[in-house]
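Asker: Give me coordinates for this.
(one chain, ligands or ions: 3)
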Amino acid sequence: MGCMEYVLVNYRWLFVCFFLLPISLFYDLWMYFRNWVVFRLSSAPSKHYKKVKYVQEQIVEWNNKGRKTKMCSARPGWQTVSFRRPVYKQHMTNIDVNLVDILEIDTEKGVVRLEPLVSMGQLTATLNPLGWTIPVLPEIDDLTVGGLVMGQGIESSSHVHGLFQNTCVSYELVLSDGAIVRCSAKNEPDLFYSIPWSYGTLGILTAVEIRIVPAKKYVKLSYEPVWGLDNIVQKFTECSGDASNEFVEMILFSQHEAVMMTGVQTNSPEHSKINSIDRWYKPWFFKYVQEKLRNNTITEEYIPLRAYYHRHTRSIFWELQDIIPFGNNAVFRALLGWLIPPKISLLKLTQTKAIKELYERSHVFQDVLVPVGEMEKSLRRFHELVDVYPVWLCPFLLPDRPGMVRPRENRSEMFVDIGLYGTPRVDGFDPKETARKIEQHVIDSNGFQMLYADIYMTREEFRTMFDHGLYDKLRSELRCEDAFPEVYDKVSRAARD
Ligand SMILES: Cc1cc2nc3c(=O)[nH]c(=O)nc-3n(C[C@H](O)[C@H](O)[C@H](O)COP(=O)(O)OP(=O)(O)OC[C@H]3O[C@@H](n4cnc5c(N)ncnc54)[C@H](O)[C@@H]3O)c2cc1C
Ligand SMILES: NC(=O)C1=CN([C@@H]2O[C@H](COP(=O)(O)OP(=O)(O)OC[C@H]3O[C@@H](n4cnc5c(N)ncnc54)[C@H](OP(=O)(O)O)[C@@H]3O)[C@@H](O)[C@H]2O)C=CC1
Ligand SMILES: CC(C)=CCC[C@@H](C)[C@H]1CC[C@@]2(C)C3=C(CC[C@]12C)[C@@]1(C)CC[C@H](O)C(C)(C)[C@@H]1CC3
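Answerer: Ligands and ions are numbered 1, 2, ... in the order given. Next comes the predicted model:
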């Protein structure tokens, strides 16, 4: 390993602090300026169809050229929120989709109309000050509407509202023949229900309508430390089933220690208990939560809504501690905390081969979705297989609707998302072998794997986990076979580098 390489791997923070953080700042300033201009000129809604027409033209041209290669979006792989890069893009026709704006907030119909590249950060910045929000708002700033619809999205309100896609009302797409279609549960239900988890393999998404609900200024959040795996599972199940909790989230700090968080929105905080956790000098959220284990008491406080939504953005869940080891140090926060976090996309763009291999060898990123009844067994199994903590636990309701992901028993069912991010502490960790074992466990538990993570399943196993019935029917009806790859060919390990 060369000298430079050694520094980059072992002292990644040097590069991140002195180079990536300032660049991230300029990027945000540019976006801020751009949005200000767009908003001033109110050009977004009027330009929408011009931009959609450009998407159509590219697809028509692809048809005219004889439908030779398959299509995917031209969004570069380094911009996506996942560890790997999509190599499939190199040998496909890349369709430019420059749709980045919020189109319309219709308070009468109760929907917001968005272009697919609108990010979650942009959305909360726009909607919350107006007194509105969307029911499920995944917490990392840079997640996009398109990625969350075509993939999957979850938040601590999902135990009531389901996954991100369950809050969508309609989708506008350009199909493989260049036609625009708008589908909803009433109009074109088959297509509507097949879009989630389809990863852009039925058409190019150009707009989404999402339900909006009134937002209040604060989240009254209660933290309850829980000890012992039995108690942890019982508490979690109880809180998830209680619809009076608007937000439910648990962080497991070891196999026997957890903090349960439940919250409701409110406009009348107790002023002495307001905590703006998003301020640059405040500790990272998961560290702050961990402190709650010191006392056996329930504590409550009021967190501004937008700060609550993006609570895991600043420390990228618990991943930033591996990149900037002293990032949560009070002095560092006071001096440079306002520049945190570096943009995930820029980290990805600039990561060297050695860093990537290091993460490949010594890291696990998995979100496993299993029925709540399988939670205890799963936590034990993952402790055996990876022994990674903290573990993120978030309940969600899986409604009984058609599509790739649905409950086995034909009735709505409560699931839990078990998020494993970090360095396994077990001996002989083998990334592939372990992932295979996790996948087998998920299949045996009637669960699902989030597809941003590494997928080592075979095509047959993948088809066992995800119901392809409706999807296959639509792919043949909409002439997708020669137009877009199958989901498996976009998410399997072979398709990603
Ligand atoms: C009535 C109304 C109408 C508006 N209409 C529009 C509109 O038509 N189009 C529009 O874009 N905004 C619109 N705005 C949004 C306004 O400009 C937001 O405040 C802005 O989008 C949020 O950016 P920010 O930099 O203030 O927030 P920050 O908190 O600084 O940024 C949040 C995060 O979002 C990211 N981000 C911001 N903009 C983008 C982008 N375009 N693409 C990718 N990531 C981004 C930032 O990088 C950052 O990570 C509207 C606002 C109002 C009140
Ligand atoms: N809290 C949460 O729920 C979290 C979720 N995630 C994961 O991150 C992913 C989202 O990341 P993000 O970077 O936003 O998205 P990505 O760029 O990763 O997109 C995900 C998929 O959606 C497809 N897609 C996106 N936009 C369109 C469009 N306009 N038309 C057709 N297909 C489209 C992409 O197709 P193509 O390959 O053609 O570009 C790609 O296959 C989700 O899949 C989610 O699972 C990650 C962290 C947290
Ligand atoms: C359902 C939920 C809550 C999912 C959260 C998943 C996140 C914790 C994952 C998604 C993308 C992810 C794997 C990523 C990374 C950390 C964990 C992330 C953020 C990092 C930043 C780790 C450092 C790496 O060098 C690199 C920059 C490539 C990745 C990028 C993606």
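
Asker: ok, Thr350 - how many residues close by?
Answerer: 17 (other Cβ atoms under 10 Å). All C-beta spots, glycine's among them, are computed from the backbone N, C-alpha and C.

Asker: quick one, what contacts it?
Answerer: By Cβ atoms under 8 Å, 6 or more residues apart in numbering, the residues touching Thr350 are Phe15, Phe19, Leu20.

Asker: same thing with Glu486?
Answerer: Here Glu486 is in contact with Thr201, Arg475 (Cβ under 8 Å, 6+ apart).

Asker: What ranges does the stretch 101-250 of the chain have for its helices?
Answerer: 120-127, 145-150, 158-161, 189-194, 229-241 (DSSP state H, counting those that start in this stretch).

Asker: Check the offset of the longest one from the chain's centre.
Answerer: So the one you mean is helix 229-241. Averaging C-alpha positions (Cα atoms, centre = their mean, to the nearest Å) puts helix 229-241 24 Å from its chain's average.

Asker: Would you mind listing the buried residues in the lowest-mean-pLDDT helix or strand in the chain?
Answerer: One helix or strand of the chain scores below all others by mean pLDDT, DSSP states H and E: helix 3-10, with a mean of 74. By neighbour count on 16 or more other Cβ atoms under 10 Å, the buried set for helix 3-10 is Leu8, Val9.

Asker: returning to what we had before: could you dump the helices of the stretch 101-250 of the chain to TSV with mean pLDDT, mean neighbour count and distance to Leu221?
Answerer: Below are these laid out as TSV (pLDDT from 0 to 100; neighbours: other Cβ atoms under 10 Å; distance: least, Cβ to Cβ, whole Å):
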stretch	mean pLDDT	mean neighbour count	distance to Leu221
helix 120-127	93	20	17
helix 145-150	98	25	24
helix 158-161	97	23	15
helix 189-194	97	20	34
helix 229-241	97	18	13
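
Asker: Out of the ones you listed, the one nearest Arg294 is which?
Answerer: Closest of those to Arg294 is helix 229-241, at 17.4 Å (criterion: Cβ to Cβ).

Asker: Now do that closest one: which elements does it pack against?
Answerer: strand 218-227, strand 247-254, strand 257-266, helix 375-385, strand 391-398, strand 413-422 (3 or more Cβ pairs under 8 Å, 6 or more residues apart in numbering; DSSP states H and E).

Asker: So for the spatially most central residue of the chain, what's the pLDDT?
Answerer: For the chain, Gly153 is the residue whose C-alpha lies nearest the centre (Cα atoms, centre = their mean; 4.8 Å). For Gly153, the pLDDT comes out at 97.

Asker: How about the one 10 residues further on?
Answerer: According to the model's per-residue confidence, Leu163 sits at a pLDDT of 97.

Asker: so how many other residues sit close to it?
Answerer: 27.

Asker: go on, Val368?
Answerer: 24.

Asker: give the contact list for it.
Answerer: 378, 382, 417-420, 438, 441-442, 447-450.

Asker: Of those residues, select the buried ones using a ChimeraX command.
Answerer: Buried members of the contacts of Val368, identified by 16+ other Cβ under 10 Å, are gathered into one ChimeraX selection as follows:
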select :378,382,417,418,419,420,438,441,442,447,448,449,450
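
Asker: Next one: the nearest residue to Val118 once chain neighbours are set aside from ligand 3, what distance?
Answerer: In space, and not counting its chain neighbours, Val118 is closest to Val145: 4.9 Å by Cβ to Cβ, 6 or more residues apart in numbering. According to Cβ to the nearest ligand atom, to the nearest Å, Val145 stands 16 Å off from ligand 3.

Asker: Make sure Val145 is actually in contact with Val112.
Answerer: No. Counting by Cβ atoms under 8 Å, Val145 stays clear of Val112, with 9.8 Å between them.

Asker: Throw the helices of the stretch 101-250 of the chain into JSON lines and include distance to ligand 2, thanks.
Answerer: Output for those, formatted as JSON lines (distance: least, Cβ to the nearest ligand atom, whole Å):
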{"stretch": "helix 120-127", "distance to ligand 2": "9"}
{"stretch": "helix 145-150", "distance to ligand 2": "2"}
{"stretch": "helix 158-161", "distance to ligand 2": "9"}
{"stretch": "helix 189-194", "distance to ligand 2": "13"}
{"stretch": "helix 229-241", "distance to ligand 2": "17"}
